[in-house]
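Colleague: Structure, please.
(4 chains)
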Protein chains: 2
Amino acid sequence: MISKKTKYGLKALIYLARRYEQGPILIADLARDESIPKKFLENILLNLKNAGVLQSRKGRGGGYALGRPPEKITFGQAIRLMEGPLAPVPCVSEMAYARCTECGSELTCGIRLVMKDVRDEMARILDGTTLADVLVKIDGAEDRGRNLIDFCI
Amino acid sequence: MISKKTKYGLKALIYLARRYEQGPILIADLARDESIPKKFLENILLNLKNAGVLQSRKGRGGGYALGRPPEKITFGQAIRLMEGPLAPVPCVSEMAYARCTECGSELTCGIRLVMKDVRDEMARILDGTTLADVLVKIDGAEDRGRNLIDFCI
DNA sequence: ACTTTATTCAACTATTTCAGTCAACAAAAA
DNA sequence: TTTTTGTTGACTGAAATAGTTGAATAAAGT
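Modeller: Sure thing, here's the model as predicted:
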């Protein structure tokens, strides 16, 4: 399960992607609209900014915005920043490999053999999904929801 | 990342699968061979026994064994028992569904739309891999390792 | 210059989970 | 009945999670 921090962060990124090129967005507005504790959100956005995913401006007219276009930010990047490596075990991580302590022969570890496949599939999906893709998915789901209602009427 | 508890538990299951039909295995032997803290391992095995995955016998000649054949125990089952649901968010879990608190419209949640795919792929792999499958994978990997050495010689 | 509006940053706290230990207890075989 | 072995619940220290508090800093408008 992903942490609340990660979930809040992803919600914020989607929110900012939807309003890309509308100028800076206030933390307060974001926190209110997505019901995220404001002070907690400050920490999260600051992290994402230091990682280069977001940019900010202080003072009147300031706020947060994406650091690059929604097509250039993937779920995989964002999740790794907030949640850590995607891999279920460190010895199959591509971005943050680490040897499993006390795991004799790495090539013949049964857990590793299975978890490698899991990691690769997760990476395929999450690194292949940008914020722009998610906006399209959401719009599609909303349309399907509307059609269902129209059909009922 | 999976917890040590889960990793130890999976190692123990693979160990017991390898020695299936060799009679009960002592916790002490398992702990020694896989370098798992014995007392911690007791907790883990007890959990798996209460869930029906393992069986045990007390007294001399006792020990732990799989509760059913290795072809009938999947990685998915074991991981769910020790680590909890596979799903990254509760609202896409098939075995332990829960509504995301304060997540307005479930059908149009961007996070949910992506995480559904992740969960389904994880479930496909982990529920489709039995302990028997893992033994075969390990043997295959060992053979490949041996051939590599032969080739070098 | 001064105030308002915002982000930034460090530090602090409460709750929960993780990882592991301890010691008493129960059962079965020798 | 004694020894061997598993069973169980309670306990502990460390780390992660989920925040909160309060002050510093920067930019814009007056």
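Colleague: Lowest mean pLDDT among the helices and strands of chain A, which one is it?
Modeller: The helix or strand of chain A with the poorest confidence is helix A:131-152; it has a mean of 86 (mean pLDDT, DSSP states H and E).
Colleague: check whether that one contacts chain B.
Modeller: Yes - Helix A:131-152 reaches chain B (C-beta under 8 Å from any C-beta of the partner chain) through A:134-135, A:137-138, A:141-142, A:144-145. To be clear about C-beta, it is placed using only N, CA and C from the backbone, and glycine gets the same treatment.
Colleague: Pull the residues that contact that helix.
Modeller: Contacts to helix A:131-152, defined as C-beta atoms under 8 Å, 6 or more residues apart in numbering or on different chains, come from residues A:13-14, A:17-18, A:66, A:69-71, A:73-75, B:105, B:107-110, B:113-114.
Colleague: go on, stretch A:85-99?
Modeller: A:76, A:79-80, A:84, A:100, A:103, A:106, A:109, A:111-112, A:115-116, A:118-119, A:122-123, A:126, B:1-2, B:7.
Colleague: which of the residues in that stretch are buried?
Modeller: A:85-93 (16 or more other C-beta atoms under 10 Å in any protein chain shown).
Colleague: Put together TSV for those, with pLDDT on each row.
Modeller: TSV is the format used below for the buried residues of stretch A:85-99 (pLDDT from 0 to 100):
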residue	pLDDT
A:Pro85	96
A:Leu86	97
A:Ala87	97
A:Pro88	97
A:Val89	95
A:Pro90	95
A:Cys91	94
A:Val92	96
A:Ser93	96
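Colleague: possible to save those residues as TSV with secondary structure?
Modeller: As requested, those are exported to TSV (DSSP: H, G, I helix; E, B strand; the rest coil):
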residue	secondary structure
A:Pro85	coil
A:Leu86	coil
A:Ala87	coil
A:Pro88	coil
A:Val89	coil
A:Pro90	helix
A:Cys91	helix
A:Val92	helix
A:Ser93	coil
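Colleague: Which members of these are the farthest-apart pair?
Modeller: A:Leu86 and A:Cys91 (13.4 Å; C-beta to C-beta).
Colleague: follow-up on the earlier one: highest neighbour count among the residues of helix A:131-152 next to chain B?
Modeller: A:Val134 (24 neighbours; other C-beta atoms under 10 Å in any protein chain shown).
Colleague: ok, back up a step: only the buried subset of the contacts of helix A:131-152, as a PyMOL command please.
Modeller: Buried residues within those, by 16+ other C-beta under 10 Å, are selected in PyMOL with:
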select buried, (chain A and resi 13+14+17+18+66+70+73+74+75) or (chain B and resi 108+109+110+113+114)
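Colleague: among the contacts of helix A:131-152, which are in helices?
Modeller: A:13-14, A:17-18, A:75, B:110, B:113-114 (DSSP state H).
Colleague: re the thing from before, among the contacts of stretch A:85-99, name the ones in strands.
Modeller: In strands, defined here by DSSP state E, there are no members of the contacts of stretch A:85-99.
Colleague: which of those are buried?
Modeller: Judged by 16+ other C-beta under 10 Å, buried ones among the contacts of stretch A:85-99: A:76, A:79-80, A:103, A:109, A:111-112, A:115-116, A:118-119, A:122-123, A:126, B:1-2, B:7.
Colleague: Give me the below-cutoff pLDDT ranges for chain A.
Modeller: A:102, A:149-153 (pLDDT under 70).
Colleague: Tell me the residues on it that lie near chain B, please.
Modeller: So far as C-beta under 8 Å from any C-beta goes, chain A lies against chain B at A:1-2, A:7, A:10-11, A:14, A:35, A:75, A:84-85, A:87-90, A:100, A:102, A:105, A:107-111, A:113-115, A:117-118, A:121-122, A:125-126, A:129, A:134-135, A:137-138, A:141-142, A:144-145.
Colleague: Show me which residues of chain A sit near DNA strand C.
Modeller: A:24, A:26-28, A:39, A:42-43, A:45-46, A:49-50, A:56-60, A:62-64 (C-beta under 7 Å from any atom of the strand).
Colleague: Buried among the residues you listed? Make that a ChimeraX selection.
Modeller: Buried residues among the residues of chain A next to DNA strand C (16+ other C-beta under 10 Å), as a ChimeraX selection:
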select /A:24,27,45,56,63,64
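Colleague: Mark which of the residues of chain A next to DNA strand C are part of helices, please.
Modeller: A:27-28, A:39, A:42-43, A:45-46, A:49-50.
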